[in-house]
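> Model the following, please.
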Amino acid sequence: MMLERKWLTLVVVVTAIFMLLIDITVVNVALPDIERSLHASFTDLQWVIDAYSLALATFVLNAGALADRIGRRKVFVGGLAIFTAASIACGLATTPLFLIVCRGVQGIGGAVMFATSLALIAQGFTGRDRGIAFGVWGATAGAAVAIGPLVGGILTTAIGWQWIFFVNGPIGVAAIFAALRYVDESRDPEAARLDWVGLVTLSGGLSLLVYGLLRGNDHGWTSAPTLAFFGGAGLLLVLFVLAQTRQERPMVELALFRRPAFVGAQTTAFLLSLSLYGLFLYLTLYLQNVLGYSALQAGIRLLPLSAASFVMAPIAGRLSEVVPVRWLLGGGLGLVGAGLVLMHGLTQESGWTALLAGFVVAGAGNGIVNPPLASTAIGVAPQQRSGMASGINNTFRQVGIATGVAALGAIFQSQIHGRLASALAGTPAESHVDGLARAAASGAIGRAVGSLPPQAQDRVAAAAHAAFVDGLDRLFWISAALAFLGAVLAVALVRDGDFEQHGEPPDDETPERGRERERARA
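Down below sits the predicted model:
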């Protein structure tokens, strides 16, 4: 009975992890349908992704402390309930703002599940079974991210974009009942209190930063509102750092950043997410709104990228035993950069196969980076800080996605605006460039062109498509440069001497016993 119980615990945990991680990528192929259904703007589409990523990034650091304090199963089930309810609310959304708010709440629930998942596995398994359980957790995480675009495409095309969210309802409810029945409760009475100051300053600072990036083109980059957003972001992030130095048990141990290898792990996570994952929105809009594919057809065409990543991940895990980890991180990011360079060169006549070689190479690089990145983020921190180190690394991943979508989007929209202004100069459509640029960026150029005089529609539509392709082509170069920068930093910063010697935990090891030994040594 005990054997059955612990494996059922694993099933519950990986089900939750699959739902929260697939929702990072499943939404991308549904965005054009969401734009048409809710009449969403380009900024709205960016926020649909960023609201989830920011909530996941900022709440995961505190969720673990909350779980230790009031009960890991209790908090895990609470996260499941929040995530499930928010998913259903996302599917019921009738306005972009309501969807964005619900995506943020969904990210909070996801952060709680993510932060408690490994602790629940650790308390239920010992010895060799623990390694198997962690392996299943990792494989599930990789599969969720890999098949997200395909699942999103199937659901969106077959029954509507709302079902990428509704499908979480019955699964989440079943997982809640299973968790209450099969998952054991545990807590740490001496766990740290919630760091409310850290939570507010970090989430507020990152949100203002992303909002400034998203609205910079509209307000002007030197306008008072934009400067206020960036200034407020800088102030809150400085206050966050100062608050962490005054905490007895901070949510972010700043001393870890004194280790070059730890810094290298975070820059790798951030720049990988910014350069590659931040592009998915624009690749999806290109495949559907420029090339005319359905959500399912777009998801299928993104599969080579996901498949290459999935295939290379276990190979990278084996290579890490014989190849220095910095060369795997640097080489993988270098392949991501090379793949993005291969995607460069799009024209209006290009088909999706012009991206195929780049998809395969970039996907392979992504697969090479992820396994050693996870082990590096934990391996360069003391064992008693490994949970915090993992949480910090996940935060840098999600912040990379959020800032990538925002920053690349600002460049993308500016590029489209410049090309349209040049192409339509001296025509009756010249006065409509601002609105046309926003419509072109979000893929809604058809509706915008329809409001113009018939004799101008073909010219404007052609100019808008050319501007979109040119803007995407520019993003490939910028993203490639960021990936190459990450490769250089990974090789330079990640050194073997910074790694801790983590021994195999005893079969009876628990988080509480580990903390007791730590206090005894102190």
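> So for the longest helix seen in the chain, what gets flagged as buried?
Identified as the longest helix of the chain according to DSSP state H is helix 454-493. Under the neighbour-count criterion of 16 or more other C-beta atoms under 10 Å, helix 454-493 has 457, 460-461, 463-464, 466-476, 478-480, 482-484, 486-487, 489-491, 493 buried. C-betas here are computed from N, CA, C, even on glycine.
> For stretch 284-303, what is the distance to the chain centroid?
How far stretch 284-303 lies from its chain's middle: 20 Å, per C-alpha atoms, centre = their mean, to the nearest Å.
> Just the pLDDT for the residue positioned nearest the centre of the chain.
Centre of the chain computed as the mean C-alpha position; nearest residue by C-alpha atoms, centre = their mean is Gln398, 4.2 Å away. At Gln398, the pLDDT value in this model is 86.
> Tell me if I'm right that it and Leu272 touch.
No. Using C-beta atoms under 8 Å, Gln398 and Leu272 do not qualify as a contacting pair, with a distance of 11.9 Å.
> buried sites along stretch 432-441?
Of the residues in stretch 432-441, those buried (16+ other C-beta under 10 Å) are 432-433, 436-441.
> Which of these sits closest to Ile164?
Nearest to Ile164 among these: Ala441, at 22.5 Å, using C-beta to C-beta.
> List the residues that contact the closest residue to that closest one other than its chain neighbours.
Spatial nearest neighbour of Ala441, chain neighbours left out: Phe42 (4.3 Å); criterion: C-beta to C-beta, 6 or more residues apart in numbering. Taking C-beta atoms under 8 Å, 6 or more residues apart in numbering, we find Phe42 in contact with 409, 413, 438, 441-442.
> least trustworthy position among these, going by pLDDT?
Ranking those by pLDDT, Ser442 lands last with 72.
> Counting neighbours, what do you get for it?
Ser442 has 24 neighbours, counted by other C-beta atoms under 10 Å.
> surely it meets Glu35?
Yes. Between Ser442 and Glu35 there is a contact at 5.6 Å, judged by C-beta under 8 Å.
> Overlap of the contact sets of those two?
44-45.
> tell me the average confidence for stretch 366-382?
81.
> gap between Tyr182 and Trp7?
9 Å (C-beta to C-beta, to the nearest Å).
> If you could redo that for Val488, that was the one I meant.
Counting by C-beta to C-beta - Val488 and Trp7 are separated by 44 Å.
> cool, Glu253 as well?
34 Å.
> And for Ile164?
29 Å.
> between these two, who's got more neighbours?
Set Ile164 next to Trp7 and count neighbours by other C-beta under 10 Å: Ile164 wins out with 28 against 17.
> List the contacts of stretch 200-220.
Under C-beta under 8 Å, 6+ apart, the answer for stretch 200-220 is 43, 46-47, 50, 54-55, 57-59, 61, 225-226, 229-230, 232-237, 239-240, 243, 399, 402-403, 406-407, 409-410, 413-414, 417.
> do stretch 476-492 as well
Residues contacting stretch 476-492 (C-beta under 8 Å, 6+ apart): 264, 267-268, 270-272, 274-276, 278-279, 326-327, 329-334, 336-338, 340-341, 343-344, 346, 358, 365, 408, 411.
> so what's the residue nearest to the centre of the chain up against?
Going by C-beta under 8 Å, 6+ apart, Gln398 touches 53-54, 56-57, 60, 273.
> Now with 10 Å, please.
By C-beta atoms under 10 Å, 6 or more residues apart in numbering, Gln398 lies in contact with 24, 50, 52-58, 60, 107, 110-111, 114, 206, 269-270, 273, 277.
> helix or strand for it, which one?
Gln398 is part of helix 386-423, with elements assigned from DSSP states H and E.
> now the angle between helix 454-493 and that helix, please.
150 degrees (axes from the mean of the first three to the mean of the last three C-alpha atoms, to 10 degrees).
> next SSE after helix 386-423?
helix 433-442.
> So which elements touch that following helix?
Where contact means 3 or more C-beta pairs under 10 Å, 6 or more residues apart in numbering; DSSP states H and E, helix 433-442 is packed against helix 31-38, helix 42-70, helix 196-219, helix 280-285, helix 386-423, helix 445-450, helix 454-493.
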